[in-house]
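Trainee: pasting the structure only:
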């Protein structure tokens, strides 16, 4: 699910998917997704555990490709190796270094708790990309 504020931020250039530091953090089931949330300080319930660093993981090898009216944002999959934790949500955001100015992008609901016990926690993005956009017209 895309946070509502993302659409304005991508349109007005506040977010640059190519050059901004994009991170994904994990949250437990105490977080209640609300698409009107706009900055990282709105997020609660970040997981703690072995193999997980507060703030989440930074996306590597990001790319934005354009093919006609279609645009695709993609990056490498994320793996927290040897982790012990429980997560229900993944929240993607732009890291500015300050929670009150770090805009939210999207949230994924795993529909149930995902638990690791000294094993990898993996976020495997779709082969069609993390986010896809189509120009209206």
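Mentor: Noted; the coordinates are in hand. Only a predicted model underlies this, so the values are computations on that prediction, with no experimental measurement involved.
Trainee: So for the protein, the centremost residue is which one?
Mentor: residue 92 (1.7 Å; C-alpha atoms, centre = their mean).
Trainee: Provide the partner residues of it in its beta bridges.
Mentor: For residue 92, the beta-bridge partners under DSSP bridges are residue 24, residue 106.
Trainee: was I right about it contacting residue 21?
Mentor: No. Checked against C-beta atoms under 8 Å, the pair residue 92 and residue 21 is beyond contact range at 11.5 Å. (C-beta placed from N, C-alpha, C; glycine too.)
Trainee: pLDDT weak spots in this structure?
Mentor: Residue ranges of the chain with pLDDT under 70: 135-137.
Trainee: For it, which segments are assigned as strands?
Mentor: Under the criterion DSSP state E, the chain contains strands at 22-27, 57-58, 63-67, 70-74, 78-94, 104-123, 131-134.
Trainee: Now do the second one: which elements does it pack against?
Mentor: With contacts defined as 3 or more C-beta pairs under 8 Å, 6 or more residues apart in numbering; DSSP states H and E, strand 57-58 has these neighbours: strand 22-27.
Trainee: Packing partners of the strand it packs on?
Mentor: Using 3+ C-beta pairs under 8 Å, 6+ apart, strand 22-27 sits against strand 57-58, strand 78-94, strand 104-123.
Trainee: Give me the neighbour count for residue 74.
Mentor: 19 (other C-beta atoms under 10 Å).
Trainee: Identify the residue nearest it in space, chain neighbours excluded?
Mentor: residue 129 (4.2 Å; C-beta to C-beta, 6 or more residues apart in numbering).
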